[in-house]
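>>> Give me a model of this one.
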Amino acid sequence: MQTFIKTSNQIIEYQLQLKNFYKQSECRQVVAISGGQDSICLLNLIENFQHKYQNTKNKNNISYIYIDHQWRQDSYEQTVHIINYIRFINRKIYVYQLPKNLLSEKLCRTYRYHLFTKHAIQHNSRFIVTGHNETDKIETFLNNFFRGSGLQGTTSLIRQSKINRHTHLLRPLLKLKRSDIYWACKKLYLPIWSDNTNYKYQFERNRTRYELIPYLKKYFNKNIESNINLLLKNCYRDNEYIKQSTIKLYLTIKHPLYIAINHNKLRKQNFTLQIKTIQLFCVYNLNINLEHQKIVKTLIDINTNQVHKYFIIKLDHLKMHINNQWIYITL
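Okay, the predicted model is just below:
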């Protein structure tokens, strides 16, 4: 019972955070569900809270979205099961299908978040809610770590993030372990749909979940999950500090009128800040996310060339011009 109380408190805390938005205006939410234990538990707790505290102004502010990957033979049956359950609780559900030949985890994840964002914008939803838990955060960290991601990649799974000016991504269950959520689902007899793809080792996340983490717990440290969580908290704080320092530096060195930055001032800063500032410059002005190695090579060229020398660095279909003071880009 203590586990369920802990789980319920997380949802109540999440809903109370949105109360200010409810007072200001109608705050629409779209909740991403999959039929698994995480999303069904999230659905149940949100509905219980809404039933207790809803009013006429916001009773229709929640809808659900389901992405059918078409990976399994029972995909159609699972979709029907979820639609029937959402109809039973008198809510709206939107179902999207991904192409059948999409078997890459990374590509499917990209498709999913694009669909979530597009749907939220079209339906004027301010919040996208997902059922990610603490175990998902650890698995994401390990997968990104093996890919060579930096601080931003390894700490990307956080409780609240901003997608654009009006849309937020919320993960209210991020402090709960998968085992706690499983216990709550069993206690409440929730209609979970068992997904056999969660046990196929051809997927990297499943190998991390069932082989790597148990191996680390058995042979290295039984508290490995708690230690990784502590590491992620520290990394997140460091990453936030670097972000703020990058923004301050960019605002200091950018040209007051033109799309350009002062490389003489940039070169005096730490190399990590130089990299982050170039990334911010390209993303903010050109909506281009340059590869890390290209940015490093560009900065090496800038730092090693004579200050008075003018030169050009080619970046795909762009040209980065460097004169004696400024960096600017032309098509």
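>>> which residues of the stretch 151-300 of the chain fall in helices?
151-154, 178-188, 204-207, 213-219, 224-253, 263-266, 271-286, 292-304 (DSSP state H, counting those that start in this stretch).
>>> Output the contacting helices and strands for the second one.
With contacts defined as 3 or more CB pairs under 8 Å, 6 or more residues apart in numbering; DSSP states H and E, the packing partners of helix 178-188 are helix 2-17, helix 37-53, helix 134-146. Every C-beta, even on glycine, is put in place using the N, C-alpha and C of the backbone.
>>> What's the mean pLDDT across the first one?
What it means is helix 2-17. Per-residue pLDDT over helix 2-17 has a mean of 55.
>>> try the shortest one
Regarding helix 134-146, the rounded mean pLDDT is 88.
>>> Lowest average confidence across helices and strands of the chain, where is it?
helix 19-24 (a mean of 47; mean pLDDT, DSSP states H and E).
>>> so who does the residue most central in space within the chain touch?
When CA atoms, centre = their mean is applied to the chain, the residue found nearest the centroid is Leu157 (5.1 Å). Residues near Leu157 by CB atoms under 8 Å, 6 or more residues apart in numbering: His132, Asp136, Lys137, Thr140, Phe141, Arg171, Leu174.
>>> and the residues you listed, which two are the farthest apart?
Largest separation among these by CB to CB: Phe141 and Arg171, giving 14.1 Å.
>>> List phi and psi for Met320.
Here is the backbone geometry of Met320 (degrees, to the nearest 10): phi -100, psi 120.
>>> was I right about it contacting Trp326?
No - taking contacts as CB atoms under 8 Å, Met320 lies outside contact range of Trp326: 10.8 Å.
>>> remind me which residues of this protein are low pLDDT?
1-26, 53-60, 101-103, 305-309, 315-316, 331 (pLDDT under 70).
>>> State the distance from Asn196 to Gly35.
For Asn196, the distance to Gly35 equals 12 Å [CB to CB, to the nearest Å].
>>> of the two, who's got more company?
The residue with more neighbours, out of Asn196 and Gly35, is Gly35; 19 against 10, by other CB atoms under 10 Å.
>>> quick one, which of Met320 and Trp326 is more surrounded?
Using other CB under 10 Å as the criterion, Met320 and Trp326 rank with Met320 on top: 21 against 17.
>>> List the contacts of the more buried one.
Thr298, Ile312, Ile313, Lys314, Ile327, Tyr328, Ile329.
>>> among those, which ones are buried?
Among those, the ones that count as buried by 16 or more other CB atoms under 10 Å are Thr298, Ile313, Ile327, Tyr328, Ile329.
>>> Tell me the one of those nearest Ile62?
Nearest to Ile62 among these is Ile329, at 43.7 Å by CB to CB.
>>> Could you give the bridge partners of that closest one?
With DSSP bridges as the criterion, Ile329 is bridged to Met320.
>>> Double-check it against Leu286; I have them as touching.
Yes - with contact defined as CB under 8 Å, Ile329 counts as touching Leu286 (6.7 Å).
>>> Show me what the closest residue to Ile62 other than its chain neighbours is bridged to.
Nearest residue to Ile62, sequence neighbours excluded (CB to CB, 6 or more residues apart in numbering): Gln29, at 5.1 Å. Beta bridges link Gln29 to Ile62, Phe127, judged by DSSP bridges.
>>> Does Ala125 touch Tyr64 like I think?
One correction, residue 125 is Ser, not Ala. No - if you go by CB under 8 Å, Ser125 and Tyr64 don't touch, sitting 11.2 Å apart.
>>> Ile181: neighbour count?
Other residues close to Ile181 by other CB under 10 Å number 27.
>>> cool, and Thr197?
Thr197 - counted by other CB under 10 Å - has 12 other residues nearby.
>>> which residue packs closest to it, ignoring adjacent ones?
Trp71 (5.5 Å).
>>> and that neighbour, what helix or strand is that in?
For Trp71, there is no enclosing helix or strand under DSSP states H and E.
>>> That one: neighbouring residues, count only.
Here the count is done by other CB under 10 Å, and Trp71 has 17 residues near it.
>>> Can you give me the separation between it and Leu98?
Look at Trp71 and Leu98: by CB to CB, they are 9 Å apart.
>>> what does Thr252 give?
Distance, Thr252 to Leu98, using CB to CB: 44 Å.
>>> And the two? Which one has more around it.
Remark: of Thr252 and Leu98, Leu98 carries more neighbours, 16 against 13, as counted by other CB under 10 Å.
>>> Turn the contacts of Leu157 into a markdown table, columns for distance to Lys52.
Listed next are the contacts of Leu157 as a markdown table, based on distance: CB to CB, whole Å:
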| residue | distance to Lys52 |
| --- | --- |
| His132 | 24 |
| Asp136 | 28 |
| Lys137 | 29 |
| Thr140 | 33 |
| Phe141 | 35 |
| Arg171 | 22 |
| Leu174 | 23 |
